[in-house]
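K.L.:
no FASTA, just this:
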């Protein structure tokens with residue numbers, strides 16, 4: 001801060017102190033500069049004020065700000081000065097300069113046509129950290145008087161205040177810019193972390209895609225975000241979030257408008273989306289001005305595109321910061337999508353394998369039940385055909401009719417066993433209760449049940465497996481130990497589901513552990529397919545069947 005001249009009176013000193021406080025209170029450099037020009041005129045009574053900001057080499061003026069000259073006069077004057085003539089004197093010699101008539105100075109270049117008349121002149125350099133930053137110029141003191149020493153001293157002090165305020169505002173802007181960078185980085189980290197959590201906790205492809213578009217949209221404040229997955233020569237709209245019209249295309253060609261992004265694996269910023277993307281936004285059901293396309297690349301393979309349309313701002317355009325954020329986000333998103341696709345493909349393979357594994361079991365059971373029943377029916381019908389009297393024929397046909405009724409019931413059971421409706425409609429607990437009650441009533445069994453299940457539903461596959469194990473164990477009891485007493489216990493814990501079927505009878509189930517009959521072979525296979533273990537052991541009396549399976553919950 002310059003030493004305050006004794007020529008400054010108390011009133012002007014008070015105004016300078018107020019001016020300093022006002023300048024330092026502003027944290028925007030532009031506001032500081034505007035305020036500086038007005039204060040220069042106010043303190044000195046100048047009609048015109050200008051601020052010349054030096055370039056990096058401090059050789060000429062990079063910017064020239066004025067006040068007191070209207071827009072029409074500016075247009076007449078034309079190009080603003082670059083720091084020659086009198087203005088260049090302060091650049092070469094950064095010291096205060098006060099003139100009675102600027103036009104008679106030996107270095108004066110004069111004024112261009114249309115320039116307002118300017119005679120009296122006061123120029124003061126603005127020094128920041130020991131280096132010239134710019135100059136404050138004041139002309140045409142009111143009343144035609146010359147600028148005084150007090151004016152010069154006041155403007156020197158004002159220039160020092162301005163230097164402090166400009167440095168303060170620039171530091172704040174730097175800190176604010178860094179803060180915004182950190183906030184963007186944090187948002188990117190949070191979004192990436194969300195996708196990382198999706199990788200670890202979500203394997204459903206549709207859910208992962210939904211997470212990607214929603215978090216991606218929030219990350220860069222876009223009006224809408226879509227994921228298009230590459231399928232052959234087409235791109236399929238796999239998920240979307242935001243403002244979208246109905247009846248948009250579900251598939252679009254994967255060439256032409258997207259070649260640069262897909263083939264070169266580069267992002268694309270489009271300020272005129274309809275023109276640059278060949279009308280593709282309209283086909284996708286999006287009305288957009290700007291677009292940001294980022295490829296989803298996993299291990300060098302392009303899975304598809306992540307497309308953001310229109311930022312939630314006045315001009316809608318995306319910035320380079322948005323591009324970098326979405327690009328980093330897309331890397332994690334691609335990993336999540338690829339993992340989910342792998343899991344989905346693996347599930348399909350497991351499903352097909354399980355279906356193939358089920359075929360031998362169903363073949364064995366149909367051989368033991370349906371085919372044997374039909375063979376018996378054929379014997380009865382042959383007997384009826386050979387009968388020599390009406391009574392014998394009627395007896396054989398009656399037996400055949402009863403056999404047909406039994407086989408119809410068997411076929412109904414087969415249909416039910418494909419997927420009991422009670423499992424879907426009521427859940428495992430009620431479905432088991434219905435099964436146990438029906439089995440006890442039809443077959444005369446004495447069944448004691450203890451079924452303890454949590455409120456959360458088990459996975460459909462596990463519910464089916466438990467239902468089938470109970471059903472097949474009871475069927476085995478009915479076949480080999482009719483009128484027995486049976487205890488059925490089903491309990492689900494945090495880790496394992498334990499199923500116990502105990503028969504209080506003198507004989508073991510089918511007389512042997514798994515491997516001794518097709519019924520128990522089917523039981524063993526079903527438990528193994530569910531990832532569990534089956535144990536059958538002789539009890540006192542009777543046989544205990546215990547199946548332990550992983551407790552997998554839906555949702």
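P.N.:
Right, received. Where do you want to start? Here the structure is a predicted model, which means the values were calculated and not measured.
K.L.:
switch to C-alpha atoms for all contacts and neighbour counts from now on
P.N.:
OK.
K.L.:
Residue 292 touches residue 270, doesn't it?
P.N.:
Yes - at 6.3 Å, residue 292 counts as touching residue 270 under the criterion of Cα atoms under 8 Å.
K.L.:
Which of the two has more residues huddled nearby?
P.N.:
The neighbour count for residue 292 versus residue 270, taken as other Cα atoms under 10 Å, is higher for residue 292 (25 against 19).
K.L.:
which residues touch that one?
P.N.:
By Cα atoms under 8 Å, 6 or more residues apart in numbering, residue 292 lies in contact with 267-270, 307-309, 318, 323.
K.L.:
which one of those residues is nearest residue 44?
P.N.:
residue 318 (46.2 Å; Cα to Cα).
K.L.:
Dig out what the closest residue to the closest one other than its chain neighbours forms beta bridges with.
P.N.:
Counting by Cα to Cα, 6 or more residues apart in numbering, residue 311 is the residue found nearest to residue 318 once chain neighbours are left out, at 6.1 Å. Judged by DSSP bridges, the bridge partners of residue 311 are residue 222.
K.L.:
Residue 311 against residue 222, yeah?
P.N.:
Yes - using Cα under 8 Å, residue 311 is in contact with residue 222, at 4.3 Å.
K.L.:
Looking at those two, which has the bigger crowd around it?
P.N.:
Neighbour comparison, residue 311 and residue 222: the larger count goes to residue 222, with 26 against 23 (by other Cα under 10 Å).
K.L.:
Low-confidence stretches in the stretch 401-550 of the chain?
P.N.:
Applying pLDDT under 70 to the stretch 401-550 of the chain flags the ranges 409-420, 482-483, 494-522, 539-541.
K.L.:
Quick one: the helices in it, in order.
P.N.:
For the stretch 401-550 of the chain, the helices defined by DSSP state H, counting those that start in this stretch cover 421-425, 428-443, 460-480, 518-529.
K.L.:
To residue 30, which of the ones you listed lies closest?
P.N.:
Within the helices of the stretch 401-550 of the chain, the stretch nearest residue 30 is helix 460-480; the backing value is 65.6 Å (Cα to Cα).
K.L.:
Residue 527: what's it in contact with?
P.N.:
Shown in contact with residue 527 (Cα under 8 Å, 6+ apart): 465, 469, 533-534, 547, 549.
K.L.:
Repeat the analysis, applying 7 Å as the threshold.
P.N.:
Neighbouring residues of residue 527 by Cα atoms under 7 Å, 6 or more residues apart in numbering: 533-534.
K.L.:
Look up how far residue 466 lies from it.
P.N.:
8 Å (Cα to Cα, to the nearest Å).
K.L.:
Pop the domain breakdown of the chain in here.
P.N.:
Under the assignment automatic domain parsing, the domains of the chain span 10-174, 201-347, 425-555.
K.L.:
so where's the stretch 251-400 of the chain uncertain?
P.N.:
Within the stretch 251-400 of the chain, the stretches with pLDDT under 70 are 347-377, 380, 384, 387-388.
K.L.:
for residue 227, helix, strand, or coil?
P.N.:
The local conformation at residue 227, judged by DSSP: H, G, I helix; E, B strand; the rest coil, is strand.
K.L.:
just the helices in the stretch 51-200 of the chain please.
P.N.:
71-77, 86-92, 149-201.
K.L.:
would you say residue 325 is within a helix?
P.N.:
Yes - Residue 325 forms part of a helix when assessed by three-state DSSP.
K.L.:
So what's the residue count around it?
P.N.:
Neighbour tally, residue 325, other Cα under 10 Å: 21.
K.L.:
distance of it from residue 230?
P.N.:
Separation of residue 325 from residue 230 (Cα to Cα): 23 Å.
K.L.:
cool, residue 313 as well?
P.N.:
Where residue 230 is concerned, residue 313 sits at a distance of 30 Å (Cα to Cα).
K.L.:
Residue 251 now?
P.N.:
Distance, residue 251 to residue 230, using Cα to Cα: 10 Å.
K.L.:
neighbour count winner among the two?
P.N.:
Comparing residue 251 with residue 230 by neighbour count (other Cα under 10 Å), the higher total belongs to residue 230, at 21 against 17.
K.L.:
excluding its backbone neighbours, what's nearest that one?
P.N.:
In space, and not counting its chain neighbours, residue 230 is closest to residue 304: 4.7 Å by Cα to Cα, 6+ apart.
K.L.:
just checking, that neighbour touches residue 229?
P.N.:
Yes - taking Cα atoms under 7 Å as the definition, residue 304 is a contact partner of residue 229 at 4.2 Å.
K.L.:
Show me which of these two is the more surrounded one.
P.N.:
The neighbour count for residue 304 versus residue 229, taken as other Cα under 10 Å, is higher for residue 304 (26 against 22).
K.L.:
So for the strand or helix carrying the more buried one, what gets flagged as buried?
P.N.:
Assessed by DSSP states H and E, residue 304 sits inside strand 301-311. Buried residues in strand 301-311, counting neighbours by 16 or more other Cα atoms under 10 Å, are found at 302-311.
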